[in-house]
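# Quick one: sequence and predicted model below, then my questions.
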Amino acid sequence: MNDSLRVAILGGGVAGLACAFRLRCIAPDARLTILDAASRLGGKVDGDVVKGCIVDGGPDLCVGAKLERTHAFEALALDSRLIPVNPNRLPTYRRGGAALHLLPFVMTDGLVTFRRGMRDVVQLLAGALGGADVRTGVAARAIERSKHGWRVITASGALLEADAVVVALPGPAAAAVLSGVAPNAALVASRVKYAPMTTVSVGWAASDVAHDLGGTGYLVSGGTSGLVSACTWTSRKIPSRSPPDIVLMRGYARGADAAAATDAVLADMREVAGITTDPLFVRAFAWSDAIPKYALDHSISVRALDEEIASLPPLALAGAAFHGVGVPDCIASGERAAESIAARILRVVA
């Protein structure tokens, strides 16, 4: 029966990719189609390599214990690709005005990252899909019930028939796709609001950084009107991210204006670290929908969707719009979605 199973996965972020990989393991002959509106896979997990520095554009670490509980952890031997965030208990500071104040304690135990950057997990998942039909630059506009299950309608009007659908999209896109078939799920997705953010990674010549960068960075006091909310000394937090002659820093700025964020972050770094020269490079990633902000009853509302979802042809929800923001949370939600589809169609309990 596996050779006739058609699954459309809407969203090629970490959750959608983890779902596809789990389905490939459960049903090797299933026909998997992944649609993503972006030009690349990975969603908020992005990155680059600049002058020998590994730059993360979105998340730069995750909770190791959560990752260990996923199917992908063992199946893809992720443990061999992970490194701990600097295990030394380096202090973190709070910036108030021009001064840095030591914070009493910031938990870093148990945090890990991928040796080659967080984008490594995207490449590993995407590379293990074994013939899946991956369509980037293709947005799903709606889904509707059909004779054999589902019909996916893309933004261009193209149609895709599927026995099962997994929705692993950001809140607004998920709400639009679900509105015609699962109004309660669409409502929950529509209530997820997003805070825009820009990360700005900057490489400085080590000889140009005047002040000793003790600790791993600083948080900016709440209530300030500036754009910068935090700055990380990436070279201290994750030493392997940069060669010895470059100090890699990353600033976090409110809003999705990359130019304004870059100016603000550079000014902040120069003031704090006593830098008067130009950087070796700047790499900014602007996210209009960076951080999901859930309603207080979000988790209760998601659990209440079970009856609506069960009344429809095989359908599953995954990703940060429904099940948590961290990379391990997204992987786990994608895997659960795959297992629920397999249980309904193939009668397989994973």
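Nice, I can see it.

# By mean pLDDT, flag the weakest helix or strand of this protein.
Counting by mean pLDDT, DSSP states H and E, the chain has its least confident helix or strand at strand 99-102, which shows a mean of 47.

# So which residues of the stretch 101-250 of the chain form helices?
Here the stretch 101-250 of the chain has its helices, by DSSP state H, counting those that start in this stretch, at 119-126, 171-178, 183-190, 234-237.

# could you dump those to TSV with mean pLDDT, mean neighbour count and distance to Met249?
(Each C-beta comes from the backbone N, C-alpha and C, glycine too.) Converted to TSV, those look like this (pLDDT from 0 to 100; neighbours: other CB atoms under 10 Å; distance: least, CB to CB, whole Å):
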stretch	mean pLDDT	mean neighbour count	distance to Met249
helix 119-126	98	21	19
helix 171-178	98	22	31
helix 183-190	97	20	35
helix 234-237	92	22	6
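
# Distance to Ala259 for those - can I get that in CSV?
Converted to CSV, the helices of the stretch 101-250 of the chain look like this (distance: least, CB to CB, whole Å):
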stretch, distance to Ala259
helix 119-126, 24
helix 171-178, 25
helix 183-190, 31
helix 234-237, 22
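
# Give me the below-cutoff pLDDT ranges for this protein.
Judged by pLDDT under 70, the chain has its weakly predicted residues at 1-3, 87-109, 222-225, 348-350.

# So if we follow the domain assignment, how does it break up?
Following automatic domain parsing, the chain resolves into domains at 2-45+122-191+296-345, 47-116+193-292.

# among these, which is the most enclosed?
domain 2-45+122-191+296-345 (a mean of 20; mean count of other CB atoms under 10 Å).

# what about that one, distance to the chain center?
15 Å (CA atoms, centre = their mean, to the nearest Å).

# Equivalent analysis for stretch 44-55, please.
15 Å.

# and the angle for the top helix by length along the chain with helix 119-126?
Using DSSP state H to define each element, the chain has its longest helix at helix 327-345. The directions of helix 327-345 and helix 119-126 differ by 10 degrees, with axes from the mean of the first three to the mean of the last three CA atoms, to 10 degrees as the criterion.
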